[in-house]
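Colleague: My questions concern the predicted model and sequence given below.
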Amino acid sequence: MTDDSPANPDFRALRISYLIQQFPIPTETFAVSDVDALIAQGHHVSVYTLKPPRRRERILSQSCGVPSRLLVHRPSWKGARTWPKLMRQRGHAALLAKHILPHWRSAPVTCLQALLCIPRILEIAEHVSRSKSDVVHAFWSRHVGLVLPILKIDNVSSVRSAFIGAYDLIADDFIVDMTAEAAEILFSHAEVNRPFLERKVSSQAWIEIVHRGIPLMDAVPVGRRDPLGLVTASALVRAKNVEAVIRGFAEASAVQSGMTLTIYGDGPDRPRLERLAEQLTRSASVTFAGHVPRDELFAAMQTASIFLSLSKKPSERLPNVLKEALWAGCAVICSDTEGIQELVADPSMGMIVQPDDTQGIATAITRLLSESQSDAERRRQGARAFIAAHYSSAASMRSYVNGWVRRMQSQGLSAGSGVVRS
């Protein structure tokens, strides 16, 4: 393993501009984890967002664990005053519009959104060019990724990279195409996504598959693990299929008494789910705990025996909450989503089920609850070793950095050389 710490005399800190639609978002704490890992490794990160701050931004940043020294550039009235000048410069706005408007008939809403974003996209591109970043990375290949084509046109030497996964794979639209065509490295988080990237990548670009990692939080003294405790955590929306968790739990309760289910998260489907839980269980065995900070959820996972994730969301790929549950020592029951075998690689770690198979889910619950203490301990040790080896945010971001540095070296660049290419 190479020494990438600032104490290493060969270490070179990168100046990295992260492009993201909005930051932070409670359901996307992995974005914070990535940035935090890069900063911890000695790199200089700035975040650029398309959207303005949300209400209670300071409280949200604290609950999501945003590093206090991170510089986040958001839209502002001061920045908006530069938009008329930027819209007139070098025909960039017209060029973006030329690529957007042909898709108006098939995707009018997406086209309108993209056109409205152009002034802010030009503002970000201008700022990134002046900051001489070594790397400009689009965290999603959505509207904010349109900054990359502008940088390509201007021959800015920053390595241009983009992540394609989840939402991007489902959208598969002209925005993904424009971002991918302008990127020099395309990242994704599962091998199952590689064929999609190969269809999108330009002849000069690289593909890097890097598993998205999680912070390996220390175990906390939370007391004895409840042998009959089950947990789930997600946004309470229909696509996350928490209904199947409740139905499977109710079915298993007919065989194994004394079980409890705690549901973490919130959303518009909560009232319906609460009624369903009352109808099926008619007891206090199901608790809706709402949204809690990440460290509180991790502590709760350490007191439970089983974690369930039965999402049917089309964009679901190797959910981070499953990685956190495995790291916390839970056996997992998860739906058969694309690429899930890369995460639940061994049956001893948990069980993969069909998301609407109530009886199959109930059988999985009772089977996992019947494991011996020695088997459970071996499972936990194996799962933690697997997550540490393949799914830590520190290791993931070292892989990103290695990809960026190799690309810089292939172009004869070094850290700190962010100049306009001739």
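Modeller: That came through, no problem.
Colleague: In contact with residue 249: list those residues for me.
Modeller: Taking C-beta atoms under 8 Å, 6 or more residues apart in numbering, we find residue 249 in contact with 230, 259, 261, 281, 286, 308, 362, 365. For the C-beta atoms, the positions are set from N, CA and C on the backbone; glycine is no exception.
Colleague: If we use 10 Å, what do you get?
Modeller: Contacts here follow C-beta atoms under 10 Å, 6 or more residues apart in numbering; on that basis residue 249 touches 230, 232, 259-261, 263, 277, 280-281, 285-286, 306, 308, 358, 361-362, 365.
Colleague: State the three-state secondary structure for residue 165.
Modeller: The local conformation at residue 165, judged by DSSP: H, G, I helix; E, B strand; the rest coil, is coil.
Colleague: hang on, it packs against residue 212?
Modeller: Yes: using C-beta atoms under 10 Å, residue 165 makes contact with residue 212 at a distance of 7.9 Å.
Colleague: Identify the contacts common to these two.
Modeller: The contact lists of residue 165 and residue 212 share 187-190, 317-318, where a contact means C-beta under 10 Å, 6+ apart.
Colleague: Inside strands: which ones of these?
Modeller: Judged by DSSP state E, strands contain the following of those: 187-188.
Colleague: which among the shared contacts of residue 165 and residue 212 gets closest to residue 137?
Modeller: Nearest to residue 137 among the shared contacts of residue 165 and residue 212, counting by C-beta to C-beta, is residue 187 at 8.2 Å.
Colleague: which ones are touching the closest one?
Modeller: Taking C-beta under 10 Å, 6+ apart, we find residue 187 in contact with 137-139, 141, 161-165, 193, 197, 206-210, 212, 396, 399-400, 403-404.
Colleague: can you rerun that using 6 Å?
Modeller: 163, 208, 210 (C-beta atoms under 6 Å, 6 or more residues apart in numbering).
Colleague: Which of these has the largest number of neighbours?
Modeller: The most neighbours of any of the contacts of residue 187, using other C-beta atoms under 10 Å, belong to residue 163, which has 26 neighbours.
Colleague: could you measure that one against residue 251, distance?
Modeller: Using C-beta to C-beta, to the nearest Å, residue 163 is found at 38 Å from residue 251.
Colleague: Residue 309 now?
Modeller: 17 Å.
Colleague: so what's the closest residue to residue 336 other than its chain neighbours bridging to?
Modeller: In space, and not counting its chain neighbours, residue 336 is closest to residue 352: 5.1 Å by C-beta to C-beta, 6 or more residues apart in numbering. Beta-bridge partners for residue 352, by DSSP bridges, are residue 334.
Colleague: Tell me the buried residues in the helix or strand that contains residue 324?
Modeller: When elements are assigned from DSSP states H and E, residue 324 belongs to helix 320-328. Across helix 320-328, burial judged by 16 or more other C-beta atoms under 10 Å covers 320-328.
Colleague: and it, average pLDDT?
Modeller: The average of the pLDDT scores along helix 320-328 is 94.
Colleague: and it, how far out from the chain's middle?
Modeller: Centroid displacement of helix 320-328 relative to its chain, using C-alpha atoms, centre = their mean, to the nearest Å, is 13 Å.
Colleague: Can you give me the neighbour number for the nearest residue to residue 234 once chain neighbours are set aside?
Modeller: Among residues not flanking residue 234 along the chain, residue 240 sits closest, at 4.2 Å (C-beta to C-beta, 6+ apart). A count of nearby residues for residue 240, using other C-beta under 10 Å, gives 24.
Colleague: do residue 46 as well
Modeller: That count, for residue 46 with other C-beta under 10 Å as the rule, works out to 18.
Colleague: re the thing from before, distance check, the residue nearest to residue 336 against residue 183.
Modeller: Distance, residue 352 to residue 183, using C-beta to C-beta: 32 Å.
Colleague: With neighbour numbers in mind, choose between the two.
Modeller: With other C-beta under 10 Å as the criterion, residue 352 and residue 183 differ in neighbour count, and residue 183 comes out ahead with 29 against 17.
Colleague: who's in contact with that one?
Modeller: So residue 183 contacts 148, 160-162, 205 (C-beta under 6 Å, 6+ apart).
Colleague: before we move on, the earlier item: okay, and which of the contacts of residue 249 map to helices?
Modeller: Those of the contacts of residue 249 mapping onto helices are 277, 280-281, 358, 361-362, 365, per DSSP state H.
Colleague: Filter the contacts of residue 183 down to the buried ones and hand me the PyMOL line.
Modeller: In PyMOL syntax, the buried subset of the contacts of residue 183 is picked out as below (16+ other C-beta under 10 Å):
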select buried, resi 148+160+161+162+205
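Colleague: and which of the contacts of residue 183 is nearest to residue 85?
Modeller: Lowest distance from residue 85 to the contacts of residue 183 (C-beta to C-beta) belongs to residue 148, with 21.6 Å.
Colleague: Quick check, that closest one in contact with residue 182.
Modeller: Yes: taking contacts as C-beta atoms under 6 Å, residue 148 lies within contact range of residue 182: 3.8 Å.
Colleague: Report the secondary structure state of the closest residue to residue 239 other than its chain neighbours.
Modeller: If the residues on either side of it in the chain are set aside, residue 239 comes closest to residue 313, at 4.1 Å by C-beta to C-beta, 6+ apart. For residue 313, the secondary structure call by three-state DSSP comes out as coil.
Colleague: wait, isn't residue 313 in contact with residue 237?
Modeller: No: between residue 313 and residue 237 there is no contact under C-beta under 6 Å: 8.3 Å.
Colleague: need the buried residues of helix 320-328 in TSV with distance to residue 409, can you?
Modeller: Formatted as TSV, the buried residues of helix 320-328 follow (distance: C-beta to C-beta, whole Å):
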residue	distance to residue 409
320	31
321	36
322	36
323	31
324	35
325	39
326	36
327	34
328	39
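Colleague: and which of those is nearest residue 271?
Modeller: Among the buried residues of helix 320-328, and counting by C-beta to C-beta, the member closest to residue 271 is residue 321, at 22.6 Å.
Colleague: ok, now how distant is the residue lying closest to that closest one once chain neighbours are set aside from residue 322?
Modeller: Leaving aside its sequence neighbours, residue 321 sits nearest to residue 233 (C-beta to C-beta, 6+ apart; 5.4 Å). Using C-beta to C-beta, residue 233 is found at 10 Å from residue 322.
Colleague: just residue 146 next, same as before
Modeller: Taking C-beta to C-beta, one finds residue 146 at 32 Å from residue 322.
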